[in-house]
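Enquirer: Next one to model:
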Amino acid sequence: MIWQFASRYFRAKKSTNAINIIAWVSVVAIGVGAGALIVILSVFNGFEGLVKSLYSSFYPSVKVSPVTGKTILLSPAQLKQIAAVKGVAHYSAVIEEKAVMQFGEEKTIATLKGVDSHYNEVTRVKEKVVRGHFDTGDENAYRAVLGIELESALGVDVERSMVPVDVYVPRRSAGGLLPNEALNSSYLYPAGAFAIQQEFNSKYVITNIDFMRKLLELGPNEMSALEIATANGTEDIVLKHRLEQLLGPQFKVQTRYEQNQALYAIMQTEKWAVYVILSFILIIAAFNMIGSLSMLVIEKQKDITILKAMGARQQLIMKIFLAEGLIIAGIGAGLGFGLGALVCWIQQQFGVIKLEGASFLVDAYPVSMHPMDFVLVSITIIVIGIGASWYPARRASMLGIELKAT
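Expert: Predicted coordinates for the structure are as follows:
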């Protein structure tokens with residue numbers, strides 16, 4: 001009965017046309033706000049998914065590194081135990097160190113990352129090679145795969161150049177003051193260039209782990225980290241706990257999220273900040289609802305008096321006008337969801353809105369609709385709708401019985 005009264009009040013022709021106009025203005029305002037929220041949240045989802053895919057190309061599912069210091073020691077027996085842990089698909093030992101690289105007259109600082117033969121089973125860097133090919137070489141000729149921006153900074157042509165790049169790193173047991181006593185040096189032959197994301201493209205050089213061990217004077221079981229790929233059906237956090245139980249507190253075990261926690265936290269903070277800001281559109285629409293429902297209460301004073309005379313309680317009157325507010329909010333939400341979903345679908349299919357500049361990996365704004373965003377916006381609209389309806393509904397329920405003889 002409550003919804004019947006409310007829907008009839010919404011559809012019925014009012015004595016003052018302004019009441020209908022204000023009601024539909026409220027519907028449109030809520031629809032615009034809901035649609036804008038869906039579109040913006042979907043764009044943030046798209047960028048978040050894009051960034052995660054880029055970072056997952058370089059960062060492993062789980063990483064084992066030292067709690068203190070630069071290196072860890074893992075014996076063949078320990079590596080065998082790690083391989084036997086349920087959920088471990090592959091693992092790769094890596095050694096990282098900053099180095100000065102020189103090609104001709106050009107010099108730059110880069111991070112050398114020595115990897116073993118299992119590295120391409122743990123990450124997808126090989127798939128991101130855009131020039132040359134992925135080859136770290138062997139003891140006969142150690143090779144390097146550079147970030148594409150690093151290749152440009154050094155002036156190297158990985159597809160044609162046969163000239164090696166000189167590499168200088170601090171000597172582990174440096175005892176003298178002369179450069180040749182404080183630095184170890186060697187050279188690498190450029191083999192390829194990868195393009196993932198600027199942070200990696202301008203910083204990293206992938207090479208052979210044996211080259212790094214010799215250059216840094218490390219032992220055969222010494223490494224900077226052990227990178228691990230999880231098996232299908234295994235959550236990163238579950239595998240992390242299993243490895244922590246096996247290895248103990250002297251090792252730091254991190255999931256891919258924890259390796260980039262600051263980045264993911266910033267993305268989530270930005271998304272919630274935009275959600276709060278755009279929610280103010282719905283709050284502004286709520287003021288229209290208050291005006292519309294207040295005028296409706298005045299319009300329906302006679303009906304309210306009759307209902308009360310027939311025994312209707314204050315709670316029933318209040319629920320009728322709360323339902324009226326929810327109908328307005330619901331119609332607006334439905335229109336907004338339809339409009340927002342249509343805009344997102346068009347962007348997904350045709351990429352109508354392009355990204356400015358030529359340095360992006362995608363041409364158009366990425367969009368990804370998530371069901372939980374629709375749930376979140378629905379809850380927001382319900383809360384705002386109830387809040388906006390409460391005062392007019394309360395006012396309607398407090399009206400006294402004033403039947404006049406005619």
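Enquirer: which ones are touching residue 288?
Expert: 22, 25-26, 29 (Cβ atoms under 8 Å, 6 or more residues apart in numbering). Any C-beta I mention is one placed from the backbone N, CA and C, and that applies to glycine too.
Enquirer: cool, and residue 242?
Expert: 85-87.
Enquirer: Compare those residues and tell me which is most surrounded.
Expert: Greatest neighbour count in those, by other Cβ atoms under 10 Å, goes to residue 87: 20 neighbours.
Enquirer: For the residue minimising distance to the centre of the chain, identify the helix or strand it belongs to.
Expert: By Cα atoms, centre = their mean, the chain has its centre lying nearest to residue 48, at 2.8 Å. Assigned by DSSP states H and E, residue 48 belongs to helix 17-58.
Enquirer: That helix: how far from the chain's middle?
Expert: 16 Å (Cα atoms, centre = their mean, to the nearest Å).
Enquirer: so where's this protein uncertain?
Expert: In the predicted model of the chain, residues 14-16, 173-180, 357-361, 400-406 satisfy pLDDT under 70.
Enquirer: That one: strands as residue ranges?
Expert: Along the chain, counting by DSSP state E, strands occupy 62-66, 72-73, 88-103, 106-115, 129-132, 137-138, 141-147, 165-170, 183-194, 204-208, 222-223, 225-230, 251-255.
Enquirer: Can you check what angle separates the third one from strand 183-194?
Expert: Angle of strand 88-103 versus strand 183-194, following axes from the mean of the first three to the mean of the last three Cα atoms, to 10 degrees, is 110 degrees.
Enquirer: swap in the first one?
Expert: Direction vectors for strand 62-66 and strand 183-194, defined by the same axes, to 10 degrees, enclose an angle of 170 degrees.
Enquirer: To residue 123, which of the strands of the chain lies closest?
Expert: strand 225-230 (7.1 Å; Cβ to Cβ).
Enquirer: Quick check: the residue nearest to the centre of the chain touching residue 269?
Expert: No - Residue 48 is not in contact with residue 269 according to Cβ atoms under 8 Å; the separation is 11.9 Å.
Enquirer: who touches stretch 131-139?
Expert: Under Cβ under 8 Å, 6+ apart, the answer for stretch 131-139 is 114-115, 120, 125-126, 142-145, 148, 151, 158-159, 188-194, 206-208, 210-211.
Enquirer: Any of these buried? List them.
Expert: 114-115, 125-126, 142-145, 148, 151, 158, 188-194, 206-208, 210-211 (16 or more other Cβ atoms under 10 Å).
Enquirer: could you dump stretch 26-37 to PDB, C-alpha only?
Expert: The C-alpha trace of stretch 26-37 is given here as PDB (Å, rounded to 0.1, in the frame of the first residue of the first chain):
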ATOM      1  CA  SER A  26      15.600  15.900  -9.300                       C
ATOM      2  CA  VAL A  27      15.400  12.700 -11.400                       C
ATOM      3  CA  VAL A  28      17.700  14.100 -14.100                       C
ATOM      4  CA  ALA A  29      20.200  15.500 -11.500                       C
ATOM      5  CA  ILE A  30      20.500  12.200  -9.800                       C
ATOM      6  CA  GLY A  31      20.800  10.500 -13.200                       C
ATOM      7  CA  VAL A  32      23.600  12.800 -14.200                       C
ATOM      8  CA  GLY A  33      25.400  12.300 -10.900                       C
ATOM      9  CA  ALA A  34      25.000   8.500 -11.000                       C
ATOM     10  CA  GLY A  35      26.100   8.300 -14.600                       C
ATOM     11  CA  ALA A  36      29.200  10.500 -13.900                       C
ATOM     12  CA  LEU A  37      30.200   8.300 -11.000                       C
END
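Enquirer: in stretch 4-18, what counts as buried?
Expert: By 16+ other Cβ under 10 Å, the buried positions in stretch 4-18 come out as 5-6, 9-10, 14.
Enquirer: If it's not too much trouble, I'd like those residues exported to TSV so that distance to residue 39 sit alongside each entry.
Expert: Shown next, in TSV, are the buried residues of stretch 4-18 (distance: Cβ to Cβ, whole Å):
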residue	distance to residue 39
5	35
6	30
9	32
10	27
14	33
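Enquirer: pretty sure residue 158 is touching residue 194, no?
Expert: No - using Cβ under 8 Å, residue 158 makes no contact with residue 194, being 10.0 Å away.
Enquirer: what residues do those two have in common as contacts?
Expert: residue 146.
Enquirer: Could you give the separation of stretch 189-201 from the chain centroid?
Expert: 23 Å.
Enquirer: ok, residues contacting that stretch?
Expert: Contact with stretch 189-201 is made by 51, 54-55, 57-58, 125, 128-137, 141-151, 156-158, 161-162, 164-165, 206, 361, as judged by Cβ under 8 Å, 6+ apart.
Enquirer: Can you tell me which of the residues you listed are buried?
Expert: Burial by neighbour count, 16+ other Cβ under 10 Å: within the contacts of stretch 189-201 this picks out 51, 54-55, 57-58, 125, 128-129, 131-132, 134-137, 142-151, 156, 158, 161, 164-165, 206.
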